[in-house]
Every structure is written in structure tokens, then in C-alpha cells.
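Novice: Below is the sequence, then the predicted model.
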Amino acid sequence: MKFNILGNTDLKVSELCLGSMTWGTQNTTDEGHAQIDMALEYGINFIDTAEMYPVNPLTKETQGDTERVIGKWFAKTGRREDVILATKVSGSGYRNVRDGAPISRETIHAAVEASLKSLQTDYIDLYQLHWPNRGSYMFRQNWNYDPTGQNKAEVLDHMGEVLETMQGLVDAGKIRHFGLSNESTWGTAQWLRVSEERGLPRVQSIQNEYSLLCRLADTDLAELCHNEQVGILSFSPLAVGLLTGKYKGGTVVPAGSRMSIGPDLGGRITPRVWDAVAAYEKIADDHGLNVAQMALAWCNTRPFMTSSIFGATSLEQLDVALKSTEITLSDEVMRDITAAHKAHPMPY
């Protein structure tokens with residue numbers, strides 16, 4: 001397992017981060033604990049969660065249960081210091097948390113206190129905004145994204161309020177570092193500028209979707225993150241299971257899989273996606289690789305990548321993902337991946 005520095009902090013995080021969003025719906029508490037045990041034994045030291053988890057489905061009744069699974073593991077094992085823990089505050093419009101209130105000083109304080117209680121810890125290593133109040137082009141919203149309704153002055157004032165709030169939480173010892181999620185290049189640049197101008201906590205990471213099938217971060221965001229020391233954390237590096245081979249071109253939907261719960265996989269099932277998936281499966285087959293391991297290993301070859309956040313619903317899936325750190329992709333594989341990307345760019 002390799003480790004990378006998170007932003008410009010002194011934290012070293014594993015190149016794979018254990019995602020937890022199925023714990024409480026698709027996985028029981030005991031299964032979540034077994035996953036943590038296996039991941040830490042293999043060398044992972046980084047776990048990502050969010051106050052709105054678990055997913056599949058998202059409900060008001062289960063909101064927060066994933067954090068509680070992690071908190072019970074901390075209480076049972078006493079191993080809080082072995083984990084770099086990241087969680088997130090939900091944003092505007094998500095009605096299962098605080099009736100969809102936008103992120104503000106008040107909602108951040110409420111969310112942090114609830115997360116600390118659920119997680120049974122005194123501090124959070126990386127506290128992230130799950131999405132910006134002004135909206136995001138992630139989750140397939142890039143196809144019709146329109147930022148012209150934004151008010152720059154209001155956006156910057158909000159950023160200042162959030163950063164002042166984060167400073168207070170840092171001073172109180174409740175969080176260590178601040179990060180973003182589902183954010184744009186311009187937005188990240190403004191967070192950095194406001195923090196520098198006011199001497200407030202800087203952005204250390206941005207968690208956006210990134211995989212062989214979703215490469216929006218390759219250009220402007222990658223450049224910003226490299227030059228400003230902001231770590232990119234990829235979520236859905238396996239494209240919510242599309243890059244595992246289990247769906248057989250859409251002809252097989254395993255019971256309990258994400259596709260069995262949400263057939264369009266959050267808008268990822270399109271007329272072009274199966275051809276793209278087939279192209280990457282062929283590359284893996286041609287070179288004697290497991291496609292899931294190839295997809296994860298490829299993410300971590302990207303020069304701007306700090307950690308890839310993956311999830312599993314079984315220990316067997318987890319074992320496959322963990323062993324991606326044992327393979328090295330040849331120049332031939334990398335050339336084939338580049339060719340497939342050019343033939344199948346952004347299939348969803």
C-alpha cells in the first residue's frame with residue numbers, strides 16, 4: 001500500500017480509501033466492522049463517510065446509521081488513532097437532513113456535533129462540504145449546467161462564513177482539516193483565495209467522481225490541484241460497479257447489487273455506456289487482468305490522485321479491490337486505456 005500526503009497537511013493517507021456508504025442498508029453493522037478490520041489489516045488507514053449515509057436507498061429513517069456503524073467499531077476496538085476519518089456535511093436541498101437547509105454556520109455546527117456523537121469520537125480528520133450551496137455539475141448535471149444564476153458576491157460571502165466556522169472548529173479541536181466535494185475548478189480556486197486573504201483554513205482536498213468512465217477532472221481541476229496542493233479524492237472509481245464485470249453488458253443484474261436497487265445507476269446507464277465498459281473489459285482480458293483491479297490501479301497512476309474511495313458489499317469484493325495495489329499496469333495497458341478513452345469519452 002502506498003501513501004500520499006493529503007493536500008499540504010502532515011497527514012499520510014493510503015492510496016485506497018475505504019468507502020462506507022452501504023453500511024446500514026446493504027451491509028449490517030457486523031459486516032461493516034469486518035470490512036474495516038480487513039482493510040486496516042491490508043494497510044488502509046483512510047475511511048470516508050457522510051452524515052447522509054447510508055445510501056441505496058437514502059432515507060430519513062436510516063440517515064446517520066453509517067457513521068454509527070463506524071462509531072461502534074471505534075468503541076469496540078479503541079483504534080480511533082489508527083484511522084484518518086473523513087465525513088461530510090449535507091447541503092442545500094437534501095430534505096432528509098435538516099429539511100434541506102443550505103450549508104451555513106448554524107448547520108455546520110449542528111452537523112459536526114451530530115457526527116461526533118454518531119462516530120463516538122472527539123475529532124474529525126477531514127471535514128468536507130458534500131456539495132456547494134450554489135449547485136454542482138456533478139451527478140450528470142454537467143450536460144445542462146448553467147452557472148449564470150449565481151451571485152458572485154453572495155458566493156464569496158458564504159465561503160468566508162464557512163471558513164470562519166471551520167477555523168472555530170479547528171480551534172476547538174473538533175476538526176483537523178477542511179475539504180470539498182462535488183466542487184468545480186472555479187469554486188475551489190475561490191475557496192483557496194478567500195482562505196489565503198483572510199488567514200483561514202485552506203482547502204486540503206476535493207472529492208469528485210473520477211473513473212475510467214468519468215474523467216471531468218483531467219484538465220483544469222487537475223492543474224489547479226497540482227499547483228495549489230489540493231488532493232483529489234476520487235469517488236466511484238469503479239463506476240458504481242460498472243467496471244467490475246458483474247453486469248455482463250447489462251444482461252445480468254445480481255440480487256442486492258446497486259443496479260437492482262436503482263436500475264439507471266444514477267443516470268449512468270446510457271446508450272453508450274455498455275460499449276465503453278466492454279472496451280475496458282477487453283483490455284483487462286487481453287492483458288490477463290481483473291477489470292476492477294485494473295480500474296483502481298489506473299486511478300492511482302494519475303499524477304494528481306491522492307486516494308481512490310471504493311466501496312464493497314462483501315469481503316470477497318473487498319479482497320479483490322485491495323489486491324489492486326499489487327499490480328502494475330504496463331505501458332501497453334496504459335496505451336490501450338488511452339485509446340479506449342478517445343473512442344468512448346464520457347459515456348454518461
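Specialist: All right, it came through fine.
Novice: element containing Val13, please.
Specialist: Using DSSP states H and E, Val13 falls within strand 12-14.
Novice: which secondary structure elements does the next helix or strand after that strand contact?
Specialist: Downstream of strand 12-14, the first helix or strand assigned by DSSP H and E is strand 16-19. Other elements packing on strand 16-19 under the criterion 3 or more Cβ pairs under 8 Å, 6 or more residues apart in numbering; DSSP states H and E are helix 29-42, strand 46-48, strand 305-310. C-beta: built from backbone N, CA, C; applies to glycine.
Novice: isn't there a strand covering Gly160?
Specialist: No - counting by DSSP: H, G, I helix; E, B strand; the rest coil, Gly160 falls outside a strand, being helix.
Novice: Check the spacing between it and Val170 real quick.
Specialist: Note on Gly160: its distance to Val170, by Cβ to Cβ, to the nearest Å, is 15 Å.
Novice: again with Phe235
Specialist: Going from Phe235 to Val170 by Cβ to Cβ gives 24 Å.
Novice: what about those two, which has more around it?
Specialist: Remark: of Phe235 and Val170, Phe235 carries more neighbours, 22 against 17, as counted by other Cβ atoms under 10 Å.
Novice: residues contacting the more buried one?
Specialist: Gly19, Asp48, Ser181, Gln207, Asn208, Glu209, Tyr210, Ile309 (Cβ atoms under 8 Å, 6 or more residues apart in numbering).
Novice: By neighbours, which of the residues you listed wins?
Specialist: Sorting these by how many neighbours each has (other Cβ under 10 Å) puts Gln207 first, at 28 neighbours.
Novice: quick one: secondary structure of it?
Specialist: Recorded secondary structure, Gln207: strand (three-state DSSP).
Novice: Look at Gly256 and report its pLDDT.
Specialist: Here, the pLDDT recorded for Gly256 equals 87.
Novice: How much space separates the closest residue to it other than its chain neighbours from Ala239?
Specialist: Closest residue in space to Gly256, ignoring its immediate chain neighbours: Gln26 at 6.5 Å, by Cβ to Cβ, 6 or more residues apart in numbering. The gap separating Gln26 from Ala239 is 17 Å, by Cβ to Cβ.
Novice: With Ala50 instead?
Specialist: Plainly put, Ala50 is 19 Å away from Ala239 if you go by Cβ to Cβ.
Novice: Same drill for those two, tell me which one is more crowded.
Specialist: Taking neighbours as other Cβ under 10 Å, Ala50 and Ala239 compare with Ala50 leading, 26 against 23.
Novice: can you pull the buried residues of the strand or helix carrying Glu154?
Specialist: Assigned by DSSP H and E, Glu154 belongs to helix 152-171. Using 16 or more other Cβ atoms under 10 Å as the test for burial, helix 152-171 gives Val155, His158, Met159, Val162, Leu163, Thr165, Met166, Gln167, Leu169, Val170.
Novice: list the helices and strands it packs on?
Specialist: Packed against helix 152-171 by the contact rule (3+ Cβ pairs under 8 Å, 6+ apart) you find helix 105-119, strand 124-129, strand 175-181, helix 185-198.
Novice: Let me know the angle separating it from helix 105-119.
Specialist: 40 degrees (axes from the mean of the first three to the mean of the last three Cα atoms, to 10 degrees).
Novice: what's helix 152-171 in contact with?
Specialist: When contacts are defined by Cβ under 8 Å, 6+ apart, helix 152-171 is touched by residues 103-105, 108-109, 112, 127, 129, 133-134, 175-176, 178, 187, 190-191, 194-195, 198, 200-201.
Novice: 10 Å - rerun?
Specialist: Applying Cβ atoms under 10 Å, 6 or more residues apart in numbering, the contact partners of helix 152-171 are 89, 102-109, 112, 123-124, 127, 129, 132-134, 147, 151, 174-178, 186-187, 190-195, 197-203.
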